[in-house]
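Student: what follows is a predicted structure for the sequence shown.
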Amino acid sequence: MTTTHARPETPAPVSDLGTHEVTNQVPLRPDGDLLDTDPALTEALDREGGDRAALERLAAVVGTAAHREHARAANTHKPELRTHDRTGHRIDEVGFHPSWHELMRVSVEHGLGAAPWAAAPGTGAHLTRAAGFYLTSQVEQGHLCPISMTYAAVPALRHAPELAAAYEPGLTARSYAPGLAVPAGKAGLLAGMSMTEKQGGSDVRSGTTVAAPQPDGSYRLTGHKWFTSAPMNDLFLTLAQAPGGLTCLVLPRVLPDGTRNAIRLQRLKDKLGNRSNASSEIEYTGAVGWRIGDEGRGVRTIIEMVSMTRLDCVLGAAGTQRAAVVEAAHHAAHRSAFGARLIEAPLMREVLAELAAETEAATVLAMRLAGAVDRGETALLRLALPVSKYLVCKRTSAVVAEALECLGGNGYVEESDLPRLYREAPLNSIWEGAGNVSALDALRAITREPDAVDALLTEIDLAAGRDPRLDATTAALRTELAAPQERRARRLAELAALALQGSLLVRHAPAAVAETFLATRLDAGGPLRTAGTRPGGSTVDAVLERATTAAGGF
């Protein structure tokens, strides 16, 4: 007899208890126009004189979810160093994710590199480029390092007219041409900067790299550079000790005869942020270079490049602040807690309004500096640039941290993009001279270039008598300027930048924005150290309405 076994019954389906029902979550930010939703920027463009049409074309690209995904991918898939090929030959190359190349292509083709130097005077090319750099900084900053250095290289190269004639057409071109090739045969070039060494850091005069002159007018360089970002660029401005002292030279990656220059990539830096960008240690092992400027005047020659990259530090920091505030406002507009949307909570509104006002101050200041480049206001830039870099860049970490906290735990996970912004925030404060270096550079300008002091005070005094808090800050600044001391250099730099921001806002921003900034940054009692501690009263609504259009409104 055959025995059959009954098949077990299929378990009854488990009822949906609703544990995975998604409610009260913030929707993804849609594609958005980063330009038209930023009134502080658009008003500055109209005031300073920029190319609105060119920026609209850029904004249509960088404001998309697709571009944000390229930013995410380029930072997730970090650059890879390849010192040798499979047969053991040195190649000294860095591999990048395709998203890196897409980010670079967009920025180069929209003129964020050295293109403004080829434009006719009076066209607002530097301002337009600065606004584009600021917009792009809100999406991804790592790739903007080689973009910034390419922009900044041109004024330094012009100290050697023959070299400028050879390289400037490629640097100012709007063609992204990755890969190693003879510079003369490439559609577009990228430049880098290599100054610091491990024993000196910011003290570049202590560098030990040697540049030995050759009979043909070139130099042979031997030494180790501690930080060289974007090592796959086509040429580098570097400092080395020539017989006449510290000298600036330019080194191409590929020599005119098609051979690779003796620039060895030792390792890539494992950095806190800025992960999409390859920062490296390199060695010159008899590398060939050509002198820019006179021997012994290397710092004076390359300082023009440093000044332009400092402008980009301010722009990048302002863009980072703006991106963080927009994310926080978007979250607050859509998230509910304790029976109401976060944006309806009075304390949240105070925090966001203060962050928005400070971000607008950074934006207006950055655009004023860019306009000064177009107009050749060198005296103003000599002092305004280092003090602005000091304060705006240093405040960015605090602004991003507060914005992240507006999201609570959601802001601490990578999907929110706030962690990447937070890791990026300290960089611009460090790059091209950390806080003390910037403050001391401002001190040198004060003691050596009285025209710089006059230019700064003239700009600030355009708002004299308009607000007692601003007048008091300006008076305190004048006291510091009358007897500058090294130990008080940070105080001086902060006062100068705050007075300049306050003056610009009083003259150009809506009254609510200016009032919020003055109350939270220039009050007689001094600013308290966390956002939202000086309630803005009736100004809050107007500030938030202006600052959060990109977040979908409230």
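Tutor: Arrived safely, thanks for sending.
Student: and residue 175, how close does it get to residue 304?
Tutor: Look at residue 175 and residue 304: by Cβ to Cβ, to the nearest Å, they are 25 Å apart. For glycine as for every other residue, the C-beta is placed from the backbone atoms N, C-alpha and C.
Student: swap that for residue 282, please
Tutor: On the measure of Cβ to Cβ, residue 282 and residue 304 end up 23 Å apart.
Student: which residues does residue 441 contact?
Tutor: Going by Cβ atoms under 8 Å, 6 or more residues apart in numbering, residue 441 touches 386, 433.
Student: oh sorry, the question was meant for residue 52
Tutor: If you count contacts by Cβ under 8 Å, 6+ apart, then residue 52 has 42, 45-46 around it.
Student: 10 Å instead?
Tutor: 35-36, 42, 45-46, 59, 124, 128, 131 (Cβ atoms under 10 Å, 6 or more residues apart in numbering).
Student: and what of residue 132?
Tutor: Neighbouring residues of residue 132 by Cβ under 10 Å, 6+ apart: 35, 50-51, 54-55, 57-59, 62, 107, 110-112, 147, 315.
Student: assign it to helix, strand or coil.
Tutor: Under DSSP: H, G, I helix; E, B strand; the rest coil, residue 132 falls in the helix class.
Student: rewinding a little: who's more crowded, residue 175 and residue 304?
Tutor: residue 304 (17 against 13; other Cβ atoms under 10 Å).
Student: the closest residue to residue 406 other than its chain neighbours: how many residues sit nearby?
Tutor: Counting by Cβ to Cβ, 6 or more residues apart in numbering, residue 328 is the residue found nearest to residue 406 once chain neighbours are left out, at 3.9 Å. Residues contacting residue 328 under the criterion other Cβ under 10 Å number 29.
Student: repeat for residue 121
Tutor: 9.
Student: make residue 1 into 412 and carry on from there
Tutor: Sounds good: first residue 412 from here, last item residue 532.
Student: host element of it?
Tutor: For residue 532, there is no enclosing helix or strand under DSSP states H and E.
Student: next one: residue 441
Tutor: Secondary structure (DSSP H and E) places residue 441 outside all helices and strands.
Student: list the residues that contact residue 633.
Tutor: Shown in contact with residue 633 (Cβ under 10 Å, 6+ apart): 619-623, 651, 673, 694-698.
Student: of those residues, grab the buried ones for PyMOL.
Tutor: Under the burial definition 16 or more other Cβ atoms under 10 Å, those of the contacts of residue 633 that qualify are selected in PyMOL by:
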select buried, resi 620+622+651+673+694+695+698
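Student: which SS class is residue 834?
Tutor: helix.
Student: can you pull up the most central residue in this structure?
Tutor: residue 727 (2.4 Å; Cα atoms, centre = their mean).
Student: mind listing what that residue touches?
Tutor: So residue 727 contacts 544-545, 547-549, 552, 555-556, 559, 720, 777, 803-804, 807, 835-836, 838-839, 842 (Cβ under 10 Å, 6+ apart).
Student: let's go with 8 Å and repeat that
Tutor: 544-545, 548, 552, 555, 559, 838-839.
Student: now residue 511
Tutor: Residues in contact with residue 511 (Cβ under 8 Å, 6+ apart) are 485, 490, 554, 687.
Student: which element, helix or strand, includes it?
Tutor: helix 509-520.
Student: with residue 901 instead?
Tutor: helix 900-919.
Student: returning to that earlier point: among the contacts of residue 463, which are in helices?
Tutor: 453, 456-457, 470, 539, 542 (DSSP state H).
Student: what's the closest of those to residue 948?
Tutor: residue 453 (27.0 Å; Cβ to Cβ).
Student: surely that closest one and residue 445 touch.
Tutor: No - contact between residue 453 and residue 445 fails when scored by Cβ atoms under 8 Å: they sit 10.7 Å apart.
Student: buried sites along the helix holding residue 901?
Tutor: Neighbour counts over helix 900-919 (16+ other Cβ under 10 Å) mark 900-901, 903-917, 919 as buried.
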